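1. Got a predicted structure plus its sequence, pasted below:
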Amino acid sequence: MVDSLFQEERQLLEDALWAKKRVKLRKNDWEVDQNLEKIKALSFGVGVIGSMLARTIIEQKKDWLEIVGAVDIDQTKVGVDLGRLVGLSDCGVTVQKDATKAINETKPDVILHTTSSYLERTFPELRLLAENGVDIVSSCEELSYPYATNRSMAEDLDAIAKKSQVSILGTGINPGFLMDALPILLTAPCISINKIHVERQMNAANRRIPFQKKIGAGLSEEEFRAAIRNKTISGHVGLLQSISMLADSLRWKLDDIEIEEPVPVILNREAKSDWITVQRGKVAGSRQRAFGVVGGKRIIDYEFSAYIGAEEEFDMVGIQGVPNVSFKSNPCVNGDHGTIAMLINMIPKVLEAPAGLLTMKDLQLPSAANMKIPD
Ligand SMILES: NC(=O)c1ccc[n+]([C@@H]2O[C@H](COP(=O)([O-])OP(=O)(O)OC[C@H]3O[C@@H](n4cnc5c(N)ncnc54)[C@H](OP(=O)(O)O)[C@@H]3O)[C@@H](O)[C@H]2O)c1
């Protein structure tokens, strides 16, 4: 009796909290009215992606979204105006070091978290942010499908999020969309599926400098192999998460997910980006394959190539089944723009979602948010 009363009360509280979120969202989800309250975001991690995010929000999303606070551990950034830091005029938001203080002072609706690719590293940051009661959209690759990364850590984070009544989502362009949410969506018209091939190839010259470095561009082949051995080059973080999310969506219980080591791409010509010149015979970037295996058969087949000077750029999904489905975007979707867009566009969906640790497959159909009608 007491238990059921308690449960009823708890349910009412949860409904009320969720309803509150929905009301807040409604203000921003339909036509954008200048008089309505904007969604307030706090940027946590003002690195390359965090800076691009801030610039995009300040310059292009100010009708429905505003940055009210910013946090970074880099001492050279702390105390600096965010607008100035990202190459714009001052915007009145000073980068702070202490996240709790920044949250208390600015009362954001959502935190845009862009510090690291790894769940173990980001866990303490995410716990602190969640315990402060704010929804989180993160670019952390391993958070995109955290149950594949570290189940017990994911369950802990889910419990913390539910207790604090916040939603946490890891997303981005890849992982987050091109090699997971998109192929999952493309399986919708299939009656049966025999095999899924997903491939992305890009010219890394079009990406930000940390990306060019993390694929080994400019190294000799020996330096590349040593960097793989000592883990300064990790390969693409996200293949395990994307394949797991796709398989789980189809309820395919895989025997194994094989992630091959990245191999160097070596061109017999010179290739250049704005930052790196790759001499002939040196490493221009890397290529990596991964497979979902059942009964010895590779029924999911992924390939990810990123190198400076790639002649062709594309994203493709090929589904062998009834019916066959084939998708190709040529050129590929620009990764940096795509990441910024995913982080921004998922905000309304996350604000509306129930509390907990979410993945792209748990949300409503992803889409651009609050797009302006073209002139
Ligand atoms: N899912 C996707 O599609 C996708 C796409 C693009 C990027 N990403 C990921 O997003 C992350 C951010 O990328 P990036 O290029 O912007 O990296 P970055 O330039 O290294 O920026 C990270 C920033 O966060 C700061 N930081 C680190 N730990 C912090 C903490 N505990 N508290 C506050 N600030 C902290 C860093 O400061 P210090 O420099 O002092 O450490 C740096 O300023 C990377 O892990 C990247 O791989 C994902």
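-> Right, received. Where do you want to start?
2. contacts, neighbours, all on C-alpha from now
-> Will do.
3. Could you count how many residues lie near the residue nearest to Val283 when sequence neighbours are not counted?
-> Leaving out its chain neighbours, the residue that sits closest to Val283 by Cα to Cα, 6 or more residues apart in numbering is Ile266, at 4.9 Å. Each residue near Ile266 was counted by other Cα atoms under 10 Å, and the total is 22.
4. same question, the one 10 residues further on
-> Neighbourhood size, Ile276 [other Cα under 10 Å]: 16.
5. Quick one: name the residues of this structure near the ligand.
-> 44-50, 71-74, 114-117, 125, 139-141, 171-176, 210, 339 (Cα under 6 Å from any ligand atom).
6. Filter the residues you listed down to the buried ones, ChimeraX style.
-> Of the residues of the chain next to the ligand, the buried ones can be selected in ChimeraX as follows, counting by 16 or more other Cα atoms under 10 Å:
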select :44,45,46,47,48,49,50,71,72,73,114,115,116,117,125,139,140,141,171,172,173,174,175,176,339
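7. so of the residues of the chain next to the ligand, which ones are in helices?
-> Cross-referencing those against helices under DSSP state H gives 48-50, 125, 210, 339.
8. Grab the two from these that are most spread out in space.
-> Using Cα to Cα, the pair of those lying farthest apart is Glu125 and Pro210, separated by 21.3 Å.
9. For the residue of the stretch 251-375 of the chain found nearest the ligand, list the residues it contacts.
-> Residue nearest to the ligand within the stretch 251-375 of the chain: Thr339 (5.1 Å; Cα to the nearest ligand atom). Shown in contact with Thr339 (Cα atoms under 8 Å, 6 or more residues apart in numbering): 139, 172-174.
10. could you dump those to a markdown table with pLDDT?
-> Shown next, in a markdown table, are the contacts of Thr339 (pLDDT from 0 to 100):
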| residue | pLDDT |
| --- | --- |
| Ser139 | 98 |
| Gly172 | 98 |
| Ile173 | 98 |
| Asn174 | 97 |
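11. Residues contacting stretch 350-359, please?
-> Taking contacts as Cα under 8 Å, 6+ apart, the residues outside stretch 350-359 that touch it are 18, 21-22, 25, 109-110, 135-137, 144-145, 154, 157-162, 165-171, 363.
12. what is the rounded mean pLDDT of that stretch?
-> Throughout stretch 350-359, pLDDT has a mean value of 96.
13. okay, how far is it across it, tip to tip?
-> End-to-end distance for stretch 350-359, by Cα to Cα, to the nearest Å: 10 Å.
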